[in-house]
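J.: fold the following, please.
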Amino acid sequence: MRLGSALFVLPVFCLSGADLLSAAVPPLAKPASVQTAVLPPVSSIPRDVVGKVLASGPKRGPFAIDLGGVPTQVEVDPPAAEIFLPGSLVRGFLRPPAAAGLLPRLENLWPAEPGIFDVLEQGVKAIETALSDTEKRLGTGNPFPFHALMDERARMVTPERFKGRDVLVNFLYGRCSDPTMCSGTAQRMASLHAALPERLRSKVEMVFVTLDPDFDTPARCLQYLRNIGIERPGFCMLTGPAAATEGLYKLCGLRMERFGETGIQHTQITFWIDGEGRMKGTFPGKDVSVESMVGALVAGFSEAR
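T.: Model (predicted):
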């Protein structure tokens, strides 16, 4: 589910002479044996709903939720019951029961309080305004725009949240299948955090921004942190409208490319933000050692005194 306006890039394709010739050949007639696909019955298609949580069960659900005045029991993603407490307004896709005797399933849950959408809209506009200036890209000394983002517990994030602490920002996504890429980056940040002198550990925050917000809802971000063993103080995973997460990535001067159904090719760079929320520097790629990063952080804190 996209929470805000999306950013679209129209691809330009160049055809060689051979490609042009093959493109001019009319397609083969469809065999008579091939039937037109039949759409599933309307009753089986997930529908977009908004409702108020009435009661949440154990950590793995289900919810009791008011859907238009109708109290309904639904299954949810495992951590959702911890995030969306009774009284919360939520939005998601309601999927009909898979079989008789089972509950419907409420998927892709996002907070739906009206005030949140106002904040998201303002944040997305701020990023889109920055992107409209082709010369404006984040550099040393620039404020890092934590706009229109929320953490793994669906709490809105502002620069004030990190004030007084240095922040290391990485872009990744939960469905990444290459263990040396996204999860490898997260584990390297965990090793870095553990290797910091104790006096600095509480002054550094490891922040992961998803590049796949349509899938990485707050509940899935929380599950991701748990799956890789870093759900603890000093770590958070941020999500939000695609226009915000992808726009922030582009403001950092980076490019990404989607492939297949879930793949995203992206640049691995760690951005270092100081305690005033300004860009301090970067650590390039996955080849930089934890030891050198620790040394740079320690030296950076010493210089700031």
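J.: partner residues bridging the spatially most central residue of the chain?
T.: In the chain, the residue lying closest to the centroid (CA atoms, centre = their mean) is Thr210, at 3.0 Å. Under DSSP bridges, the beta-bridge partners of Thr210 are Leu172.
J.: quick one: low-confidence ranges for the stretch 51-200 of the chain?
T.: Residues of the stretch 51-200 of the chain meeting the criterion pLDDT under 70: 57-61, 134-136.
J.: give me that answer again for 80
T.: In the prediction, the stretch 51-200 of the chain carries residues with pLDDT under 80 at positions 56-61, 78, 133-138, 180.
J.: what about Leu211, how many neighbours?
T.: By the criterion of other CB atoms under 10 Å, Leu211 has 22 neighbours. In this view, the C-beta of every residue, glycine as well, is placed from N, C-alpha and C.
J.: list the contacts of the closest residue to it other than its chain neighbours.
T.: Spatially, and ignoring its direct neighbours in sequence, Leu211 is nearest to Tyr173 (4.8 Å; CB to CB, 6 or more residues apart in numbering). By CB atoms under 8 Å, 6 or more residues apart in numbering, the contact list for Tyr173 reads Cys182, Thr210, Leu211, Asp212, Phe215, Asp216, Ile264.
J.: now do the helix or strand where Ala219 lies: which elements does it pack against?
T.: Element membership of Ala219, judged by DSSP states H and E, is helix 218-227. Using 3 or more CB pairs under 8 Å, 6 or more residues apart in numbering; DSSP states H and E, the elements in contact with helix 218-227 are helix 80-83, strand 105-111, strand 235-238.
J.: for it, give the mean pLDDT please.
T.: Averaging pLDDT along helix 218-227 gives 95.
J.: list buried residues within the contacts of Tyr173.
T.: Buried subset of those (neighbour count, 16 or more other CB atoms under 10 Å): Cys182, Thr210, Leu211, Asp212, Asp216, Ile264.
J.: need those in a markdown table (columns: distance to Ile228).
T.: Formatted as a markdown table, the buried ones among the contacts of Tyr173 follow (distance: CB to CB, whole Å):
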| residue | distance to Ile228 |
| --- | --- |
| Cys182 | 9 |
| Thr210 | 14 |
| Leu211 | 16 |
| Asp212 | 16 |
| Asp216 | 13 |
| Ile264 | 17 |
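J.: looking at these, spot the one nearest Arg201.
T.: Set against Arg201, the nearest of these by CB to CB is Cys182 (23.2 Å).
J.: that older thread, distance of the residue nearest to Leu211 relative to Met189?
T.: 15 Å (CB to CB, to the nearest Å).
J.: what do you get for Ala55?
T.: Taking CB to CB, one finds Ala55 at 37 Å from Met189.
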